[in-house]
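**Q** prediction below, plus the sequence it came from.
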Amino acid sequence: GGSAWHGHSAPRSAPAGTMGPWNCIPPRSRRGPVSNYAAHSLAARATIRAERGRERLVVRHSGRSAPALDWELDLLEFLDAHGIGVPRPVSSDDGRRHVDGVLIYRFIDGRPPRDRADWQRAVTVLTAVHEMTEGWPQRPGFASSRQLLSEDRGGDVRLDAMPDKAVDAIRAAWRPVISGAECVNHGDVGGGNILVTEAGIALLDWDESRVDVPWFDFAFLPPDVVADVPVAAEALSIAGVAWEAATCWTAEPDYAAKRLAELYARVAAKPHDAGTDASDL
């Protein structure tokens, strides 16, 4: 990253304890350069807090390609402009939105959802995202579940690295939910990525967002939360488990193996209700 670092690497050019392109510092307990900390001490997609004067920030390091990051940032800009609560990126001093995989966002004050009402508000926001992004172009390097019925990789999904039996099970679990138009999926809906703020609901961490049928975003809602989904709840949950097994197979193999085992067990227990015949697996 030449100009943002004034012709040098971040650690050499940045003043001690600061991150050159943004001139911000990590929390008091971590006074080393944010760029070093983000690039070398955090796993991909991890975040840390930082400060610039009195401004609170969040630093994220991503292993995504530049086009994939640009797609995500363009999406966040669009959603923010249309009233959806999302992280607001902070450009570097030379105008770049990401530098060597490092991105910075303004901190959002809020709390996780606590009850059914909070979750229903989150479902309403997610539904709005789906509706306003119908026909959105696919994220570079990613693929939808519909595409992955015939293709073997996209985003974090690596079907080409999985056993044939697992691939067959995963595709069979997806088929019942692949209906309707495709749109942007958040891709990682959970209590840790939803904030209840004074302004409403904010959706954090769009690292796994992609274009797909919208139903995957509702796969793991609390049981008392209702979403308008034209798919049986059990089939949708099983499809979500299958997606996690596929996306984590190379990055988090132990977790993926547990999810795959769960997929096999749930399909075997409810072959007809789940919309997938266990004998096909």
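**A** Here it is on my side, so go on.
**Q** and V58, what does it touch?
**A** Shown in contact with V58 (CB atoms under 8 Å, 6 or more residues apart in numbering): 47-50, 87, 104-107. Backbone N, C-alpha and C define where each C-beta goes, glycine included.
**Q** any idea how far I201 is from L260?
**A** As judged by CB to CB, to the nearest Å, I201 and L260 stand 32 Å apart.
**Q** pick the one among the contacts of V58 closest to A251.
**A** T47 (17.0 Å; CB to CB).
**Q** surely that closest one meets R60?
**A** Yes: here T47 reaches R60: they are 4.6 Å apart, a contact under CB atoms under 8 Å.
**Q** what sits up against stretch 67-84?
**A** Identification of contacts with stretch 67-84 by CB under 8 Å, 6+ apart yields 62, 64, 86-89, 97-98, 101, 103, 125, 128-129, 132-133, 136-137, 139-142, 184, 203, 206-207, 209.
**Q** next: stretch 245-257.
**A** 148, 155-159, 161-162, 166, 170, 208, 244, 259-260, 263.
**Q** which among these gets closest to E234?
**A** The closest of the contacts of stretch 245-257 to E234 turns out to be L263 (CB to CB; 12.2 Å).
**Q** the closest one - how many residues pack around it?
**A** Using other CB atoms under 10 Å, L263 has 27 neighbouring residues.
**Q** only alpha carbons, please: show the helix or strand encompassing it as PDB.
**A** Here L263, judged by DSSP states H and E, is contained in helix 253-269. What follows is helix 253-269, C-alpha atoms only, in PDB (Å, rounded to 0.1, in the frame of the first residue of the first chain):
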ATOM      1  CA  PRO A 253     -12.700 -28.400  10.100                       C
ATOM      2  CA  ASP A 254     -13.600 -29.500  13.600                       C
ATOM      3  CA  TYR A 255     -16.700 -27.300  13.700                       C
ATOM      4  CA  ALA A 256     -17.600 -28.300  10.100                       C
ATOM      5  CA  ALA A 257     -17.400 -32.000  11.000                       C
ATOM      6  CA  LYS A 258     -19.800 -31.500  13.900                       C
ATOM      7  CA  ARG A 259     -22.200 -29.700  11.700                       C
ATOM      8  CA  LEU A 260     -22.000 -32.400   9.100                       C
ATOM      9  CA  ALA A 261     -22.600 -35.100  11.700                       C
ATOM     10  CA  GLU A 262     -25.700 -33.000  12.900                       C
ATOM     11  CA  LEU A 263     -26.900 -32.800   9.300                       C
ATOM     12  CA  TYR A 264     -26.700 -36.600   8.900                       C
ATOM     13  CA  ALA A 265     -28.500 -37.200  12.200                       C
ATOM     14  CA  ARG A 266     -31.300 -34.700  11.600                       C
ATOM     15  CA  VAL A 267     -32.000 -35.900   8.100                       C
ATOM     16  CA  ALA A 268     -32.000 -39.500   9.300                       C
ATOM     17  CA  ALA A 269     -34.400 -38.700  12.100                       C
END
